[in-house]
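K.L.:
Sequence plus predicted model, see below.
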Amino acid sequence: MGLSPAEWLVASLVFAASVTPSLYPRPWLTQGVLSGVAVAIGLGAGRTAGRLLRLLPMRPLCLPRVARVGVLLLAGAVASSALLINYAWQVDVRRLMVIDSGAARYLVSVTPVVAVTAYALVLVTRLVRRAVRAYAGVVARVVAVRGRWLAHAAVAVALGVVVIDVGIASGLVAAVNDRLVAADAGSDPDVRTPRSGGLSGSPDSMVAWDTLGRMGRRFVATAPTSHQLRAFNATPARSPIRVYVGLGSAPSVRARVDLAVAELERTGAFDRDVLIVITPTGTGSVNRHAVAPLEYMYRGDTAAVAVQYSYLPSWVVMGGNQDRATITASALFDAVTRRLAQQPPATRPALLIYGESLGSFGSEQVFADVTDVRAHVDGVLWVGPTRANHLWRRFTAARDVGSPEWRPVYQDGRTVRFATNGADLSHPQGRWTAPRVVYLQHPSDPVTWWTPDLAFRRPAWLRDPRPDTISEKTPYLPVVTFVQTTIDTILGGNAPPGHGHIYTTEHADAWAHIAPPTGWTPADTTRLRAQLAPTRRVTHPSHGPSSARVPRGNRAPARS
């Protein structure tokens with residue numbers, strides 16, 4: 001392509017930055033495409049820098065041939081060294097996350113993807129530039145503009161506005177919206193309409209199956225059956241209640257919340273031992289490990305309710321539409337607590353709160369402070385919190401001296417505790433009063449650590465002491481660390497369970513500490529973790545509701 005030494009050198013430096021370590025390893029295809037884009041940007045930056053230098057009154061001297069070869073060799077050395085260092089990081093991070101080794105295969109696979117991606121982008125850019133020049137030449141002759149560069153600039157700006165405003169912005173938004181709506185309308189192949197009357201979307205339900213959305217259908221259809229619960233506990237069990245209202249189930253937030261409460265009434269949810277109010281993620285998803293532990297612990301004498309507020313991924317909603325989560329979470333919580341206030345205190349179910357990712361943000365907004373939490377609920381589990389969570393920020397900023405940001409201790413853990421895994425919940429050793437609040441947050445979760453401040457300030461989680469799941473090879477580089485964490489946040493899901501933004505059996509440990517039923521033991525928690533281990537997706541067979549009645553007396557600890 002006739003690239004100059006400056007282009008090669010800048011491209012190699014940008015490539016080196018693109019393969020620096022981040023929070024967890026990326027698949028070879030993802031890294032190859034991202035680095036290819038970075039190389040194309042570097043080539044463009046090098047070309048632009050060269051042209052700007054030629055505009056200076058005193059142009060720099062031309063490099064002799066030997067110096068040009070030296071620059072090319074230097075660029076090659078930078079790129080090769082960066083790739084080898086990236087390989088060493090891949091090995092280290094995969095070891096920390098107990099991922100099967102595949103780093104050597106990664107090294108061989110990523111290089112051609114980088115080359116093909118960069119070549120394709122540069123080729124497209126040059127073709128567009130030639131088209132703009134040709135058209136600008138015609139415009140310059142027609143309007144008699146002196147200085148063809150002015151025509152070039154005018155045409156480029158005009159085309160850019162049209163392409164971005166009409167072709168990219170409008171088209172992209174429409175395409176994304178259409179795709180998300182279509183995806184929400186679909187179902188996983190192994191998800192079937194439930195027959196249990198305690199599940200939304202069943203023949204007895206007030207909420208139509210086809211209005212639940214894909215995530216809602218998955219949530220209700222993966223509920224454990226009374227047979228599974230009975231087999232685990234070796235005692236009679238009930239079919240758990242799961243209520244879900246999708247965006248298509250009612251036309252407004254108020255109507256959706258009213259429908260959810262009516263569905264709770266229909267199923268008898270307010271007579272169960274436990275009622276959990278869930279704020280889902282941006283797409284409407286509810287982690288299948290979020291509610292199942294409680295259903296197994298309480299032998300199905302539980303009810304869970306969630307209302308969808310968006311089709312979009314959480315990171316998109318956080319870009320400016322996070323009020324959707326707050327408004328829906330507040331409306332649902334207020335409606336449920338108003339209904340519970342109508343019952344005598346002795347007959348009310350224990351009220352628990354759950355939110356993950358953006359769901360934790362929306363759920364947090366319901367409460368002003370920890371005193372407000374203690375006054376209204378019997379336990380809280382917030383998982384993978386975002387940097388925007390106001391209570392999380394307050395607790396983390398006021399953490400006890402000596403505790404790290406990635407696992408803070410707040411007020412000796414008397415009410416609020418932070419855990420990176422189940423074992424952390426037993427520390428500190430002091431008294432943990434009820435109702436209890438737990439934050440589950442992995443040190444390698446980019447959703448928790450993403451903030452614009454990363455562009456210019458070294459984060460506390462990259463200082464000593466560093467968590468053992470973040471590689472010592474992970475550096476802090478201004479701007480680069482921000483970009484890397486942003487990419488990790490957007491792509492997500494590439495980490496194994498127990499790392500990154502993937503939370504699974506930790507929920508069992510958390511609920512066992514927050515709201516254990518009478519007689520529950522650590523050995524029971526161990527059995528429950530094994531039962532819920534993410535080996536395969538559990539689907540809901542078409543079993544009808546169980547007539548078995550679980551004896552009362554398994555309630556979660558009452559509010560103190």
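P.N.:
Good, I have the coordinates. Residues are numbered from 1 along each chain as shown.
K.L.:
Downstream of the strand or helix carrying residue 243, the next helix or strand is which one?
P.N.:
Taking DSSP states H and E as the definition, residue 243 sits inside strand 241-245. Sequence-wise, the next helix or strand downstream of strand 241-245 (DSSP H and E) is helix 253-267.
K.L.:
which parts of that following helix are buried?
P.N.:
For helix 253-267, burial by neighbour count (16 or more other CB atoms under 10 Å) applies to 253, 256, 257, 259, 260, 261, 263, 264, 266, 267. For the C-beta atoms, the positions are set from N, CA and C on the backbone; glycine is no exception.
K.L.:
Which pair of those residues spans the longest distance?
P.N.:
Maximum pairwise distance among the buried residues of helix 253-267 (CB to CB): 21.4 Å, between 253 and 267.
K.L.:
quick one: low-confidence parts of the stretch 151-300 of the chain?
P.N.:
Low-confidence segments of the stretch 151-300 of the chain (pLDDT under 70): 151-189.
K.L.:
What of the stretch 401-550 of the chain?
P.N.:
Looking at the stretch 401-550 of the chain by pLDDT under 70, you get 492-494, 534-550.
K.L.:
mind listing the helices for it?
P.N.:
With helices called from DSSP state H, counting those that start in this stretch, the stretch 401-550 of the chain shows them at 446-449, 480-491, 506-514, 522-532.
K.L.:
Now find how far off-centre the strand holding residue 243 is within its chain.
P.N.:
Distance of strand 241-245 from the chain centroid (CA atoms, centre = their mean, to the nearest Å) equals 23 Å.
K.L.:
was I right about residue 532 contacting residue 511?
P.N.:
No: Residue 532 is beyond contact range of residue 511, at 10.9 Å (criterion: CB atoms under 8 Å).
K.L.:
Now do the shared contacts for the two.
P.N.:
Both residue 532 and residue 511 are in contact with residue 293, where contact means CB atoms under 8 Å, 6 or more residues apart in numbering.
K.L.:
ok, the closest residue to residue 398 other than its chain neighbours - how many residues close by?
P.N.:
Spatial nearest neighbour of residue 398, excluding adjacent residues (CB to CB, 6 or more residues apart in numbering): residue 410 at 6.5 Å. Neighbourhood size, residue 410 [other CB atoms under 10 Å]: 21.
K.L.:
do the one 4 residues further on as well
P.N.:
For residue 414, the neighbour count with other CB under 10 Å is 14.
K.L.:
how near is it to residue 515?
P.N.:
17 Å (CB to CB, to the nearest Å).
K.L.:
circling back to that earlier point, could you pull up the contacting residues of the residue nearest to residue 398?
P.N.:
So residue 410 contacts 395, 396, 398, 399, 400, 416, 417, 418 (CB under 8 Å, 6+ apart).
K.L.:
likewise residue 48?
P.N.:
Contacts of residue 48 (CB under 8 Å, 6+ apart): none.
K.L.:
what about it, helix or strand, and which?
P.N.:
Going by DSSP H and E, residue 48 is in helix 28-54.
K.L.:
Please state the offset of that helix from the chain centre?
P.N.:
Put simply, helix 28-54 sits 29 Å off its chain's centre (CA atoms, centre = their mean).
K.L.:
any idea which helix or strand comes after it?
P.N.:
Past helix 28-54, the next helix or strand by DSSP H and E is helix 65-96.
K.L.:
Can you give me the buried ones in that next one?
P.N.:
Under 16+ other CB under 10 Å, the buried positions of helix 65-96 are 71-72, 75, 78-79, 82-83, 86-87, 89-94, 96.
K.L.:
Relative to residue 375, which of the residues you listed is nearest.
P.N.:
Taking CB to CB as the measure, residue 375 lies nearest residue 96 of the buried residues of helix 65-96, at 41.2 Å.
K.L.:
got the residue ranges for the strands in this structure?
P.N.:
In the chain, the strands defined using DSSP state E lie at 241-245, 274-279, 302-307, 350-356, 379-383, 416-419, 436-440.
K.L.:
so what does the longest one touch, helix or strand wise?
P.N.:
Other elements packing on strand 350-356 under the criterion 3 or more CB pairs under 8 Å, 6 or more residues apart in numbering; DSSP states H and E are strand 274-279, helix 288-297, helix 323-341, helix 358-364, strand 379-383.
K.L.:
Low-confidence ranges, the stretch 1-150 of the chain, go.
P.N.:
In the stretch 1-150 of the chain, residues with pLDDT under 70: 1-3, 53-68, 100-104, 106, 132-133, 135-150.
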